[in-house]
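S.K.: Predicted model follows, preceded by the sequence.
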2 protein chains.
Amino acid sequence: QPHPVVPSKAYQPSTESVFTPLDTFLPRHVGPRSNDVQEMLSVLGYKSLDEFVDATIPKNVRVDELTNEDDGKGLRAWSELELRRRAEEVAAMNKGMKSYIGMGYHNAIVPPVIQRNILENPAWYTAYTPYSPEQSQGRLESLINFQTIAISLTGLPIANASLLDESTAAAEAMAMCLASVPKPKFSKGKNVFLVSPTVSPQTLAVLETRASGFGIELKIASSNADFGAEVEALGSDRLMGTLVQYPDVNGEILDWSLVAEKVKAAGAKTVVASDLLALTMLKPPGEWGADIVCGNSQRFGVPVGYGGPHAAFFACTDDMKRKMPGRLVGLSKDSSGAPAYRLALQTREQHIRREKATSNVCTAQALLANMAAMYAVYHGPEGLRRIAGKVHSLTRVLAKVLESNGFSITNKTYFDTLTVDVTTAGISSQVIHATSVQAGINFRRIDDKTIGITLDESVGPLDLTDIVNVFYKALGKSTIEPPALEAVAQELELSSSNLTAPLQGSLARTTDFLPQTVFNKHHSETDMLRYMMHLQEKDYSLVHGMIPLGSCTMKLNSTSSMVPLSWKEFGGIHPFAPVDQARGYETLIKELESDLSLVTGYDATSVQPNSGASGEYAGLKVIQAYHESKGQGHRDICLIPLSAHGTNPASAAMVGYKVVPIKALQDGSLDLNDLRAKAEQHKDQLASFMVTYPSTFGVFEEGIEEACDIVHKNGGQVYVDGANCNSLIGLTSLGRVGGDVSHTNLHKTFSIPHGGGGPGVGPISCKAHLAPFLPTHPIIPTGGTSPISAVSAAPYGSASINTISWAYIKMLGGKGLTEVSKIALLNANYIAERLRPYYNIRFKNANGRVAHECLIDLAEFEKSAGLKVADFSKRLQDYSFHPPTAQWPISTCWLIEPTESEPKHELDRFIDALISIRKEADEIASGAQPKENNVFKNAPHPLSKIMTETWDKPYSKEKAVWPVPSLKRSKFWPTVGRVDDAAGDLNLVCECGTVEEYA
Amino acid sequence: QPHPVVPSKAYQPSTESVFTPLDTFLPRHVGPRSNDVQEMLSVLGYKSLDEFVDATIPKNVRVDELTNEDDGKGLRAWSELELRRRAEEVAAMNKGMKSYIGMGYHNAIVPPVIQRNILENPAWYTAYTPYSPEQSQGRLESLINFQTIAISLTGLPIANASLLDESTAAAEAMAMCLASVPKPKFSKGKNVFLVSPTVSPQTLAVLETRASGFGIELKIASSNADFGAEVEALGSDRLMGTLVQYPDVNGEILDWSLVAEKVKAAGAKTVVASDLLALTMLKPPGEWGADIVCGNSQRFGVPVGYGGPHAAFFACTDDMKRKMPGRLVGLSKDSSGAPAYRLALQTREQHIRREKATSNVCTAQALLANMAAMYAVYHGPEGLRRIAGKVHSLTRVLAKVLESNGFSITNKTYFDTLTVDVTTAGISSQVIHATSVQAGINFRRIDDKTIGITLDESVGPLDLTDIVNVFYKALGKSTIEPPALEAVAQELELSSSNLTAPLQGSLARTTDFLPQTVFNKHHSETDMLRYMMHLQEKDYSLVHGMIPLGSCTMKLNSTSSMVPLSWKEFGGIHPFAPVDQARGYETLIKELESDLSLVTGYDATSVQPNSGASGEYAGLKVIQAYHESKGQGHRDICLIPLSAHGTNPASAAMVGYKVVPIKALQDGSLDLNDLRAKAEQHKDQLASFMVTYPSTFGVFEEGIEEACDIVHKNGGQVYVDGANCNSLIGLTSLGRVGGDVSHTNLHKTFSIPHGGGGPGVGPISCKAHLAPFLPTHPIIPTGGTSPISAVSAAPYGSASINTISWAYIKMLGGKGLTEVSKIALLNANYIAERLRPYYNIRFKNANGRVAHECLIDLAEFEKSAGLKVADFSKRLQDYSFHPPTAQWPISTCWLIEPTESEPKHELDRFIDALISIRKEADEIASGAQPKENNVFKNAPHPLSKIMTETWDKPYSKEKAVWPVPSLKRSKFWPTVGRVDDAAGDLNLVCECGTVEEYA
Ligand SMILES: Cc1ncc(COP(=O)(O)O)c(C=O)c1O
Ligand SMILES: Cc1ncc(COP(=O)(O)O)c(C=O)c1O
Ligand SMILES: O=C([O-])O
């Protein structure tokens, strides 16, 4: 074999060498060309990029720029082809075993048409969370399909658009139960959450992590048999909620209906963790008393990917809907009364409630929810029934064969999972595992006597033969061939034509599911493809133009970084597979963690958290554990600037901290005096200070070091929210400015696409003194030496998408990452500078510079023209842009972040649009246009509004939709008129019907 | 390791078994669900599908339906997952060696953003040839970019939108030279085409195949040195044209300018085969006297794929433009004067000229041309210069190392290719090849003394080290490491900063290339992605709706069948690699050829032809060889029905046959009496009868067997054009009805996507008596025992896309293929039946049934309302459809073919549109609407026409663009108004500037 282009220790030509690769990533990743950079610098009045950077980011916090390996230190940059070869090398280190471990993770068959046209399609994966509904009707429809699946299969009336994973969803449910208990009752001891002992261990671990912060007493019932008795014993004074799993982790399907009655009688809630495929055959929990049902939707056509990302589903009763965490899509109508989807009940969203929140979830799993929804659309109820029926039938065949060979199945009932006592056949489970691994198979490792086997959609006759032969080999019997299993199937009277015969017994499902047109129409590939394209074409994404959302860093998600996660070597690994089968993941994650530590200025990193907010929570838990280790466990005050993202106070509340707000000065900077005063006032209780750097106002806080100093001197630990760190990698670092721990959003700074609202990864990085406390996992140990328990269901969170950030860092290298920060600053400052004559740029530093984003205050227009921020946002859609972040962190502002990936001509298009809009506002202010019936108030203008015979507006059609000439050549049209939030919230509809049906 | 899901001989459960896979392909491939089929049958008045089929396809030609392997014979059906596993198994049989063989094929770096968003994007690959320009502006722009590359790099003013491969392009050029010679002169002996001995051998072979049919005398010059003398010796009486290669197959770059002068002086033409990357550094042939320049564009980012598909480029002087083969994109304007692209000079298209043609090319290589064009857009002239400079620099390093080790480089000049005499270092070439293969490397095998090495963009320092070490090992020297090569590069003063320093000497390029904006703007990935998406959104494809083009079979191109061709195991193999390295391809192609033979009712198949027309040509050549083998070489009459596709007579003319037309009867069927008369009249000269079955009129000829009989009795062979065989697989066969040889269009019946005008595969299948004559190849022998010489540059033509048809056949199996035919018939007949009250369905059988397509005659509307077929086609665009095939095979008709993949609701949408259009025509006929200013004449109505303040049409805007209500929910908008063909042809512009610049 020839030299691979990149062996692990490749020969690395110098950049001057003729051998240096030409397919370097940096010039593909950044938008402006070198001549553009010069032009932009001259607009800003600088001679060089470095001079500009020096004026922008305070000198005192600067670090040595990250260098390239050319210089013998730092991070070298791999070319795109080198990266691909290296990714292949790492992928090959993962062993392609077949896992029947179950526990919420299954081998999935991803329909190729969905894989290619959703997961691998930038039009889907580069979209943002659908907060701009007129440009997002496609994925809103798909997400409502996802909600409908949850509603229809669980039998509960309300469902959200996904949560991070099954275990955190269960924890969210626990918090919802808490939120349903009146505070006084809770304080008096109605705080017990009783959990069945047969829920998945990773869920138990996450509940354990979460319970303490809320003051919840988590109790594991001694057995399922005694569960009802324990409920009664706790009674209405103590019991707040319960969690059972259906089918449970051992495959057993128990009838919980009497328990649910008792729970209700105790004034408490029943939460059920469940499985969508099993629910196609089982009586829906909503029919037997469940209040909340949640679980993983992964097996609906999403790669298992070493643990994630996958979408958790979450459904609840109507009376709990306002307490529900996460995002909820609802039907409403647009300005002309046509049906239109949008995010519903937004004021309910937890992170908006700040320290009153019981959840901090923001980024969820939209892309994976869409994949799961499309899977159900493609198969339809009949197809799902057949898949479930086949899985169950094969499980029956397996059970019969095992039993007739002396193995005993310890679960009396089952859908797809058998728990097998192998000692009854005279064998230890060690022997079975050794034999199975030799055969390339993983079973669940329970204990010396018992193993678990979970079947799934991917199991064919040869797979089942392989499974059976493990037992035959262990018994010393000669192996069988598939016809032997056919014979068993025939004995059991199983055939392809009776697959959809339901489970027997009282827990069999009797109600239909998914009767809606959308689930009963698109079953040919042609039809499916067109449906996905039909939705895609309604949605604005990075393939159309800039998405200048402040604090969201909507940068390029390069194809080269996206490709590897489609490979089966990454997609097919079960998160609980023995670690020696996942050396590829181990290598990649170690490299990523070490690279992240380096570039953030910390000593250790954990990629377990599945979102930025989850990272905040994990980081604060780590701080808490640290204080406890020092005998300072009573410290519980968390100082947070008023400008902080809502997740910061929400996370603090979730760990049980009391939030004390810190003011800002007129110029937007932190009020150091206020901070000092509060820190000193609370110095015996001070646990933490949470601060975003650069600040959410888009400036590099001059006083950051002093602030951290104050906190440290008063016994606190500093949490630096790293959501904004795209501005600073290689120039300064979160550690350098004084942080003890930070999360970064890999889905912002490190190029994981936003996926229309997730997935994300929110790793936490910390200084050495906190490293011992990084989170572990009950099955695959991770983290530090005195770790906190798990914050996610999977040991490495959304492991498979770590490939993206790994590739991003590797391809840029140290120099490239630093250059990226500089261009991110330059792009933002170019916009700010050119808009300065037209708009009020709120905060700048002494040199007039902003950081990587800028705040534009639109308050003046409310006074002069009656125009609100929302009016500007809607109007900007008419210019074929996604609006910036609006009304946050200041309610009258836009927060604009272009990122380094936008080319100069796109920045100019944006600037021109804003200048034009400013003139439109002036016309209203001057009275040349009316205050109500104008281009803002009527914005956005979809085609349907324009295509009318009569045009009764006081402005021309041309002005409405083509206010600048370039729009005639190319324009993304919003597909509905302005959506009415209030109407939809009043009458919440969160199930489909397609828009077509409502029309 | 576990059982693979599909080992080559997999266990196959019966369809009744509970183990039978659920991811079967048939229900995904066909549109109508079983209840739809019942409804459609009841509209047609049949109880069962079989009853319907019996009424549709004549009983006498029926065969036993292809059965499934369940029954122990026939073709089993693989599930989608099984197919994937089997494809992985086959892929693994190809050895991943690195080839430096050159000869027109290179390792390419495909930019990931292009791979994902063009090659793997159904919006690009499912589009049709852009004959409906208002719905195709995106790919028309991209193709004009491709033309611009050829124009700019060759220095000639006109270029087409691709040909099939370099060798057939050279043959087309030869025929163009011929077409430039006045007939009388030609007859008097001005018929010599003089070829340099150092053109690629595959080109020589294809020229040899082609020359005879035209009566061209092909002469290989004795040496390049004597070329000029031979030109003079032949002089203006004999010489018609010449072909030289620049750089030649051995890498030599010769100055041909004096020769070109002499050729010109002899009144002949100079054709140059060249290389786009080399041309970035070389003086363009257009500057030194070339009349035509052609070559392969593969190395511009298209996978080598074992020989294809790739796009050949083709450029010529202005005076030859009307003789140019293939499609040509030109700029024109639309009905409102806005710039718009469309296919230019269509009356020039060769296949329209029928037997007067000198080319039959139709399907070309649009998708690959688009990839190559995007590659140049992404890199720009500067990037291309750097790539070329690096390739050349590394070649210099290699030359220096080899020479200093005693090897002699036999070419004095070079760009990227060295021809090495290894005996000067005391080694035989056998030793070098043995050593290189051990190192995983292929060099070109020239002879015992000489080997060839061609470097390319993918070569890095380790690759070059590996190459050098082959020689070191062969010499018994210890191997080197990359720094040794760095040292050589430094000696040569080569570095990354002087890459673009041009070649030295008089042949160095001095003119700039690709100055247009489009090649100098989209160099970041974000920008590139948006450019591709911007174009994509202008184009209608199967992702939007039906493309009912008769004779084109626009069916589903399933993702599962498309996936494998993206794998490096298929993409990375050089076509001239030793066959033992390509066992995967060998296996796949053998299986495909045998499956194709089975389903077409023949005995042997060759996949070498790259299109249907190329298959026709190959099939006729086989017939010709057969006649010759029987001493009947004088037979040269070819009977062809008047209704035949233009390629049939063109192909016949190209093999030197005289075409005698056969009439049709009133009912559309073949006039058997005319056939008998002509066959008998010419019985001593009768070579062949070419017939399409079912006919191009969309009916199953009742007399087909008798017709074939007549021909056979008179000594002729029957060529059945299989373009329409999507109607009959499993029901009858091309062999069964009497054919001796046929081509099938894999890009129609067997699911290869049309790619916006190619690629295609046109394999020929034949009876045993013709099998010995199937084509071979000069480097990799293929075909029969007395083969004709090559018809394509590569031994297996467009090898890599054979994966698609292979997968298609495997996943449907015999039963599935048969069911597909039935549904194709049903869909067409459902349309015909429902339209019957509104339109004149031209031809039906005695039971009133059409085949898989139906001809609608619109002549009546010309009389009643002054409406032409084109008016109907343009109006149909307003209904969000691609128009059917128009004016062919009858000038007043539409030919409508829905295919089996269209769901019933899409057929209904189409039928409703046609009924609505019929009513619109009636309004004009009745005088309710004017004859000129109406919805037809003004169609299509793009947005720009509607968005006007004033609306001066006598019908409403709503009627113009939303004539049926469903269009409000979903509509594909044409992006320009009706394109003016005449204006553009008058003033031909076939280079870019983008539309934006012309605007
Ligand atoms: C400053 C800040 N912190 C935290 C978060 C939360 O991150 P995530 O949405 O990944 O949970 C965000 C998200 O926008 C943010 O802007
Ligand atoms: C009947 C018939 N024969 C031959 C051809 C030529 O096939 P190709 O375009 O692949 O060269 C066609 C193409 O439409 C056709 O319809
Ligand atoms: O491609 C055709 O000309 O039909």
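M.R.: Thanks, I have it. Because the structure is predicted, anything quoted here is derived from the model rather than measured. Ligands and ions are numbered 1, 2, ... in the order given.
S.K.: Bridging across strands, which residues link to A:Val720?
M.R.: A:Val691, A:Ser742 (DSSP bridges).
S.K.: ok, it - how many residues close by?
M.R.: The burial count assigned to A:Val720 is 30, neighbours taken as other CB atoms under 10 Å in any protein chain shown. No exception for glycine: its C-beta is placed from N, CA and C like everyone else's.
S.K.: And for A:Ala229?
M.R.: 14.
S.K.: Next, give phi and psi for A:Ile220.
M.R.: The phi and psi values for A:Ile220, taken as degrees, to the nearest 10, are phi -90, psi 120.
S.K.: Hmm, it is touching A:Ala205, no?
M.R.: No. Counting by CB atoms under 8 Å, A:Ile220 sits too far from A:Ala205 to count as a contact (11.7 Å).
S.K.: neighbour count winner among the two?
M.R.: The residue with more neighbours, out of A:Ile220 and A:Ala205, is A:Ala205; 21 against 16, by other CB under 10 Å.
S.K.: Need the three-state assignment for the more buried one.
M.R.: helix (DSSP: H, G, I helix; E, B strand; the rest coil).
S.K.: pretty sure it is in contact with A:His777, am I right?
M.R.: Yes. Counting by CB under 8 Å, A:Ala205 touches A:His777, with 6.9 Å between them.
S.K.: any common contacting residues for the two?
M.R.: A:Ala790 (CB atoms under 8 Å, 6 or more residues apart in numbering or on different chains).
S.K.: How many neighbouring residues does the residue of chain A found nearest ligand 2 have?
M.R.: Nearest residue of chain A to ligand 2: A:Thr526, at 21.0 Å (CB to the nearest ligand atom). For A:Thr526, the count of nearby residues is 28 (other CB under 10 Å).
S.K.: which stretch of helix or strand covers it?
M.R.: helix A:525-536 (DSSP states H and E).
S.K.: Likewise for A:His392?
M.R.: Going by DSSP H and E, A:His392 is part of helix A:366-404.
S.K.: Relative to the next helix or strand after that helix, what are the paired strands and their orientations?
M.R.: Using DSSP H and E, the helix or strand that follows helix A:366-404 in sequence is strand A:408-409. Strand A:408-409 pairs in its sheet with strand A:417-421 (antiparallel), by DSSP bridges.
S.K.: Who are the packing partners of the helix or strand following the partner strand?
M.R.: Counting by DSSP H and E, the next helix or strand C-terminal to strand A:417-421 is helix A:429-438. Counting contacts by 3 or more CB pairs under 8 Å, 6 or more residues apart in numbering or on different chains; DSSP states H and E, helix A:429-438 packs against strand A:441-445, strand A:450-454, helix A:461-475.
S.K.: outside of helix A:429-438, which residues touch it?
M.R.: Residues contacting helix A:429-438 (CB under 8 Å, 6+ apart): A:97, A:422-423, A:442-443, A:445-451, A:470-471, A:473-474, A:578.
S.K.: and these near chain B, which?
M.R.: A:Met97 (CB under 8 Å from any CB of the partner chain).
S.K.: Mind putting the helices and strands packed on helix A:429-438 into TSV with distance to B:Ala265 and mean pLDDT?
M.R.: Formatted as TSV, these follow (distance: least, CB to CB, whole Å; pLDDT from 0 to 100):
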stretch	distance to B:Ala265	mean pLDDT
strand A:441-445	78	98
strand A:450-454	82	98
helix A:461-475	73	97
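S.K.: most tightly surrounded among those?
M.R.: When you average the neighbours per residue for each of these (mean count of other CB atoms under 10 Å in any protein chain shown), strand A:450-454 leads with a mean of 24.
S.K.: buried residues in stretch A:860-876?
M.R.: A:861, A:865-876 (16 or more other CB atoms under 10 Å in any protein chain shown).
S.K.: One more: stretch A:901-912?
M.R.: A:901-904, A:906-907, A:909-911.
S.K.: I'd like these as a markdown table, with pLDDT appended.
M.R.: Below are the buried residues of stretch A:901-912 laid out as a markdown table (pLDDT from 0 to 100):
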| residue | pLDDT |
| --- | --- |
| A:Ser901 | 98 |
| A:Glu902 | 98 |
| A:Pro903 | 98 |
| A:Lys904 | 98 |
| A:Glu906 | 98 |
| A:Leu907 | 98 |
| A:Arg909 | 98 |
| A:Phe910 | 98 |
| A:Ile911 | 98 |
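S.K.: With distance to ligand 3 and secondary structure as new columns, can those residues be given to me in CSV?
M.R.: Formatted as CSV, the buried residues of stretch A:901-912 follow (distance: CB to the nearest ligand atom, whole Å; DSSP: H, G, I helix; E, B strand; the rest coil):
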residue, distance to ligand 3, secondary structure
A:Ser901, 41, coil
A:Glu902, 42, coil
A:Pro903, 38, coil
A:Lys904, 43, helix
A:Glu906, 39, helix
A:Leu907, 44, helix
A:Arg909, 40, helix
A:Phe910, 44, helix
A:Ile911, 47, helix
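S.K.: Of these, just say which sits nearest to B:Leu565.
M.R.: Nearest to B:Leu565 out of these is A:Ser901 (CB to CB; 30.3 Å).
S.K.: picking that back up, and the residue of chain A closest to ligand 2, what pLDDT?
M.R.: With respect to pLDDT, A:Thr526 scores 98.
S.K.: so it sits right up against B:Leu556, yeah?
M.R.: Yes. The pair A:Thr526 and B:Leu556 passes the contact test of CB under 8 Å, sitting 4.9 Å apart.
S.K.: hey, what's in contact with both of the two?
M.R.: B:542, B:901.
S.K.: Helices of the stretch 601-750 of chain A, start to end?
M.R.: A:612-629, A:647-654, A:672-681, A:704-713 (DSSP state H, counting those that start in this stretch).
S.K.: just those helices: most buried one?
M.R.: helix A:647-654 (a mean of 28).
S.K.: Touching that helix from outside, list them.
M.R.: By CB under 8 Å, 6+ apart, helix A:647-654 touches A:175, A:210, A:213-214, A:350-351, A:353-360, A:362, A:612-613, A:616-617, A:620, A:638, A:640, A:658-659, A:688, A:690, A:692, A:721.
S.K.: Contact partners for the closest residue to A:Ala388 other than its chain neighbours?
M.R.: Spatial nearest neighbour of A:Ala388, chain neighbours left out: A:Thr280 (4.4 Å); criterion: CB to CB, 6 or more residues apart in numbering or on different chains. Counting by CB under 8 Å, 6+ apart, A:Thr280 makes contact with A:153, A:381, A:384-385, A:388, A:509, A:513.
S.K.: quick one: which of those is nearest A:Gly739?
M.R.: Using CB to CB, these come closest to A:Gly739 at A:Leu153, 43.8 Å.
S.K.: Any residue of the helix or strand that contains the closest one touching chain B?
M.R.: Using DSSP H and E, A:Leu153 sits within helix A:137-154. No. Applying CB under 8 Å from any CB, one finds helix A:137-154 separated from chain B by no less than 11.0 Å.
S.K.: now stretch A:36-52
M.R.: No. Figure legend: stretch A:36-52 not in contact with chain B (CB under 8 Å from any CB); closest approach 10.2 Å.
S.K.: got the buried residues for that stretch?
M.R.: Quick answer for stretch A:36-52 (16+ other CB under 10 Å): A:36-37, A:40-41, A:44, A:46, A:49, A:52.
S.K.: likewise stretch A:982-996?
M.R.: A:984-985, A:988-995.
S.K.: go on, stretch A:119-127?
M.R.: A:119-127.
S.K.: Now tell me what touches that stretch from outside.
M.R.: Outside stretch A:119-127, the residues touching it (CB under 8 Å, 6+ apart) are A:110, A:117-118, A:136, A:139, A:367, A:370-371, A:536, A:539-543, A:554, A:557, A:559, A:562, A:566, A:753-756, B:116-117, B:120-121, B:529, B:533.
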